[in-house]
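Undergrad: structure of the sequence below:
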Amino acid sequence: MTDPAQSGGSGEGTPPTSVSGVLVVDKPAGWTSHDVVAKVRRITGVRRVGHAGTLDPAATGVLVLCLGAATRLVQYLEGLRKTYEATVLFGVETDTWDSSGTIVSQRDAGALKLTELQGILPRYTGDIMQVPPMYSALKRQGTPLYRLARRGEEVERDPRPVTISSMDVLRWDQQRLSLRIVCSKGTYIRSLAHDIGQDAGTGACLEVLRRTAIGHFTLEQAHTLEELEQHGAWLGLLQSSAQALAHLPRRSLSEEEVAELRYGRPVSLAGVEGTELLCAVDSAGRLVALVGRDQRTGMWRPEKVFGL
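TA: This is a model prediction of the structure:
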């Protein structure tokens, strides 16, 4: 993989008119999420590119990118549940809480047993409060915490609510615990590794992290940057906006209903129950609008209209 600092793109030139859609990328280690966004801009020639959930530079795996008008979907995708495979190394603590940092403490974890860890893990499932690491992009009075950390400063961080839906043991081998974790937006797996290590009495850091899914976007759908560069292959790998919103209930509209929504007018959609947000598509399955239910009138009002 080329160094992310290098600027060479694929030379694909001007993108097709009005490109809009979603690419699922398998982010390589050593790249920031911003590096990947910049690379995809160069590959595709599309300037409007955003991601729906960042990954640490050392982490690999699923990074969902929205291109063109599909950048308007980011807020509906970034809250999807995340699935990770993580390896926690016990007996080693670092300043970043992962293996990329400077070692600050080492202890013998040779006597640690899996049964002990199986007694600890349930403390970190369900709705929990989590303290983010100092090496994070969260800000304190406008300054990112990682900048303060690099200056040797450590500040109090307020615990934040996160949800760990499940945490399953995959392997236990020589002080390394591999886990599959399903969690909410905003969860720091580095914090999870650090906290489990503290409870185990040995300390720990996150050694390896791979994101295997964001909601319905999986590694099986993900493509490497090299694959995207091959002779304009990226265009055939785009998912439509309607496909990207597969987690939302949808309703196919009549031509009259499509026209009403595109004028910003509410429509009555009989028989829709159990949801407050609906993906409205036309007869060809193209995304027309995201509509929300008006609690007062029961009508469905457009929150965002597409394809004007």
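
Undergrad: pLDDT below threshold where in this protein?
TA: 1-17, 308 (pLDDT under 70).

Undergrad: who does the biggest strand by length in it touch, helix- and strand-wise?
TA: If you go by DSSP state E, the chain has its longest strand at strand 160-173. Packing partners of strand 160-173 (3 or more Cβ pairs under 8 Å, 6 or more residues apart in numbering; DSSP states H and E): helix 114-120, strand 126-130, strand 176-183. For the C-beta atoms, the positions are set from N, CA and C on the backbone; glycine is no exception.

Undergrad: and with 6 Å instead?
TA: strand 126-130, strand 176-183 (3 or more Cβ pairs under 6 Å, 6 or more residues apart in numbering; DSSP states H and E).

Undergrad: list the buried residues of stretch 177-189.
TA: Residues of stretch 177-189 classed as buried: L177, S178, L179, I181, V182, C183, G186, T187, Y188, I189 (neighbour count, 16 or more other Cβ atoms under 10 Å).

Undergrad: no, scratch that, I was asking about stretch 229-240
TA: E229, W234, L237, L238, Q239.

Undergrad: possible to save those as CSV with secondary structure and distance to S166?
TA: Shown next, in CSV, are these (DSSP: H, G, I helix; E, B strand; the rest coil; distance: Cβ to Cβ, whole Å):
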residue, secondary structure, distance to S166
E229, helix, 36
W234, helix, 33
L237, helix, 30
L238, coil, 31
Q239, strand, 26
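
Undergrad: ok, so of those, who is nearest V281?
TA: Checking these against V281 with Cβ to Cβ, the nearest one is Q239 at 14.2 Å.

Undergrad: give the contact list for the residue most central in space within the chain.
TA: Closest residue to the average C-alpha location of the chain: G53 at 3.1 Å, with Cα atoms, centre = their mean. Residues near G53 by Cβ atoms under 6 Å, 6 or more residues apart in numbering: E78, I214.

Undergrad: let's have the helices and strands packed on strand 160-173 in JSON lines, adding distance to V19.
TA: Shown next, in JSON lines, are the helices and strands packed on strand 160-173 (distance: least, Cβ to Cβ, whole Å):
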{"stretch": "strand 126-130", "distance to V19": "38"}
{"stretch": "strand 176-183", "distance to V19": "32"}
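
Undergrad: quick check: the residue nearest to the centre of the chain vs T218, distance?
TA: 14 Å (Cβ to Cβ, to the nearest Å).

Undergrad: which secondary structure state does the residue sitting furthest away from the middle of the chain sit in?
TA: Computed with Cα atoms, centre = their mean, the residue of the chain farthest from its C-alpha average is E256, at 36.8 Å. Using DSSP: H, G, I helix; E, B strand; the rest coil, the three-state assignment for E256 comes out as helix.

Undergrad: what does R301 give?
TA: strand.

Undergrad: not counting sequence-adjacent ones, nearest residue to it?
TA: Leaving aside its chain neighbours, R301 sits nearest to P266 (4.5 Å; criterion: Cβ to Cβ, 6 or more residues apart in numbering).

Undergrad: for that neighbour, list the residues it contacts.
TA: Taking Cβ under 6 Å, 6+ apart as the test, what P266 contacts is M299, W300, R301.

Undergrad: wait, isn't the last one in contact with D294?
TA: Meaning R301. Yes: assessed by Cβ atoms under 6 Å, R301 is found in contact with D294 at 5.3 Å.
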